[in-house]
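for reference, the sequence and a predicted model appear below.
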Amino acid sequence: MKKLLLLSFVTLGFGSLIAQNNAYWQQHADYKMDVTMDVKEYKYKGTQELVYTNNSSDTLKKVYYHLYNNAFQPGSEMDARVSSIKDPDGRMVNKVKVGSNEIKESRIKTLQPNETGYLNITNFKQDGVVASVKAAGTILEVTLVKPIVPNSKTTLTLNFDGQVPVQIRRSGRNNAEGVEFSMSQWYPKMAEFDFEGWHADPYIAREFHGVWGNFDVKITIDKEYVLGGTGYLQNKNEIGHGYQDAGVVVTVPKKTKTLTWHFNAPMVHDFTWAADKEYIHDIVKGPNNVDLHFLYKNNPKYIQNWKNLQPKTVELMEIYNKTVGDYPYKQYSVIQGGDGGMEYAMCTLILGQGTFEGLLGVTAHEMAHSWFQHVLASNELKHGWMDEGFTSFIEDYALNQMSDKKVENPFEGAYKNYFSMVNSGKELPQTTHADRFDENRVYSITSYSKGEVFLAQLIYLIGKENLMKTLKKYYSDFKFKHPTPNDIKRSAERVSGANLDWYLTDWTKTTNTIDYGIREPRDIGKRTIVTLERNGRMAMPIDLLVEYTDGTMESFYIPLRMMNFEKENPNPAIKRTVLGDWAWAFPTMEFMIAKPKSAIKKITIDPSGLMADIKKENNTYELK
């Protein structure tokens, strides 16, 4: 039955790909791995069999693997990057006194041989024949014995041995909260090949991109350890540790020193796990009969926070399902094991100490990645804003929905961060590769905040109802694919009927800004002429509210000519006048109000605050 369900899941996934777009293709990689942990030495050995399907029209003579563990070695590219970037991640540096000065020194630089990470590959074969391999940092280059022709499969096998590094970033051992094993990016992982070619990027602590496939993983480890992570545990009634069926008593003989945990994970592009001897393991039923696993340290100070988190996680999943689309798997695990929070397939590794509000916030964010990254698998290295930004959007939306004190604009913090970056003069286009940013802060605001504003501003452009329909269509059309920026734009266009290519171009490919202003209105008898000016390069449609001295209000809407769209009135309770469209080439526009200037109390451009105008001070005129 389990095998049939797995086959059905995969078949349905690929059927939808074919049905949606016959021209679209993506590679596929099925992994079988068997790994044994040496918990005393923090080392492991394993075998890997990977069946790789080339669905492209290219004949592949080489393939590439990621060896992420190799980043945690003195002299690595990650070490160099931490040492050279202007604002290194505080988790990755030590503060060192040099004379009267304090410098930030890379923690990787000081790792001893038994503290580093490594991943060594031996016995690499293609269809049983030895192939040539060359490792360079975190990338393994394989020259194939025989090319992989279009629409064919090949079986790649290898042995690997690794050492778990002291946890510096995401993956590692014995983190600050005492979690023994955080096993993310721990195995030889096939690099992605798509319509742009190979994405064999070195790992310097940014984001990831992976090949869709099925994982069959066996992990042998000392029996005292409790594991959680990606996939479905196949032998739960042999393992126990809270996974067993109701009423089943699992007894492990005293002479048995290890247990082998067997996981299957269908249609994912990563596999992550964590292990600790002190984990408490709770299971709560979520929406659509999803098992929500919570694994956290047995620390009396924080246990109640983790108990309180569980019903809130159910509520979050319900909101995400309703807002974007149903979570497609039958388990999700929230695991104490991170150095902050990081998303993985069917799970997250997060910090487990601190306030309840912090724990809820990081869970809301990381679990939201399951929709934007682990079902909609955009290339984070090239388009991090599609993942981090969209995740931040539904996180803020959901937390506001759950709050007793709801706010009108839950995305206001993202706008403030974006304005701060613009005013710093350090902004780079969102098309900048994640590894190329001069500062971590600029990367973060560009990906998280400006990416969030991309969606929030669509509410301003096409209306909230259309934006919400866009999210659902985007998810429905591109789940289990690798969507690109054009795909979210086209989803919004198909839903709304608006032309949005100008928006995608200006917002993501340039640092053009929005700046509109109101000039001093002019009296002409019993009427008033209002002149608006566009000071920024980026054009927008205009929502404008006029408040009169008698307490009444009137709104005006100025469509943007190149958008070819008229938005529905966002506030039907207020009379709205739709004016002629405004073309980008004209820096100003005039319109008439059928009342004298003395009757006007206040004129406001964008009363919603959803247009990212960088100079709010000239967006309002008040009669003195």
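Good, I have the coordinates. Residues are numbered from 1 along each chain as shown.

burial measure for Asn237, as a count.
Using other Cβ atoms under 10 Å, Asn237 has 12 other residues around it. Every residue, glycine included, has its C-beta placed from N, CA and C.

with only the CA atoms kept, save the helix or strand it falls within in PDB.
Here Asn237 sits within helix 236-239, counting by DSSP states H and E. Extracted in PDB, the C-alpha atoms of helix 236-239 (Å, rounded to 0.1, in the frame of the first residue of the first chain):
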ATOM      1  CA  LYS A 236       8.100   3.300  13.000                       C
ATOM      2  CA  ASN A 237       6.900   0.300  15.000                       C
ATOM      3  CA  GLU A 238      10.400  -1.000  15.200                       C
ATOM      4  CA  ILE A 239      11.900   2.400  16.100                       C
END
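
list the buried residues for it?
For helix 236-239, burial by neighbour count (16 or more other Cβ atoms under 10 Å) applies to 236, 238-239.

same check on stretch 267-285?
For stretch 267-285, the buried set under the neighbour-count rule, 16+ other Cβ under 10 Å, comprises 267-276, 279-281, 284.

and that stretch, how far out from the chain's middle?
Relative to the chain's own centre, stretch 267-285 is displaced by 19 Å; criterion: Cα atoms, centre = their mean, to the nearest Å.

from the buried residues of stretch 267-285, which is closest to Phe181?
Ala275 (4.3 Å; Cβ to Cβ).

for that closest one, give its distance to Ser444.
Note on Ala275: its distance to Ser444, by Cβ to Cβ, to the nearest Å, is 30 Å.

Asp404: neighbour count?
For Asp404, using other Cβ under 10 Å, the count is 4.

show me where this protein has its helices.
2-20, 77-84, 236-239, 303-323, 356-368, 380-384, 390-402, 412-424, 440-444, 450-462, 464-478, 485-496, 501-509 (DSSP state H).

next, format those as JSON lines and append mean pLDDT.
Shown next, in JSON lines, are the helices of the chain (pLDDT from 0 to 100):
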{"stretch": "helix 2-20", "mean pLDDT": "42"}
{"stretch": "helix 77-84", "mean pLDDT": "96"}
{"stretch": "helix 236-239", "mean pLDDT": "97"}
{"stretch": "helix 303-323", "mean pLDDT": "98"}
{"stretch": "helix 356-368", "mean pLDDT": "98"}
{"stretch": "helix 380-384", "mean pLDDT": "95"}
{"stretch": "helix 390-402", "mean pLDDT": "98"}
{"stretch": "helix 412-424", "mean pLDDT": "98"}
{"stretch": "helix 440-444", "mean pLDDT": "97"}
{"stretch": "helix 450-462", "mean pLDDT": "98"}
{"stretch": "helix 464-478", "mean pLDDT": "98"}
{"stretch": "helix 485-496", "mean pLDDT": "98"}
{"stretch": "helix 501-509", "mean pLDDT": "98"}
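
give me phi/psi at Pro483?
Pro483 adopts backbone torsions of phi -70, psi 150, taken as degrees, to the nearest 10.

surely Met190 and His209 touch.
No - counting by Cβ atoms under 8 Å, Met190 stays clear of His209, with 10.8 Å between them.

ends of stretch 444-455, how far apart?
17 Å (Cα to Cα, to the nearest Å).
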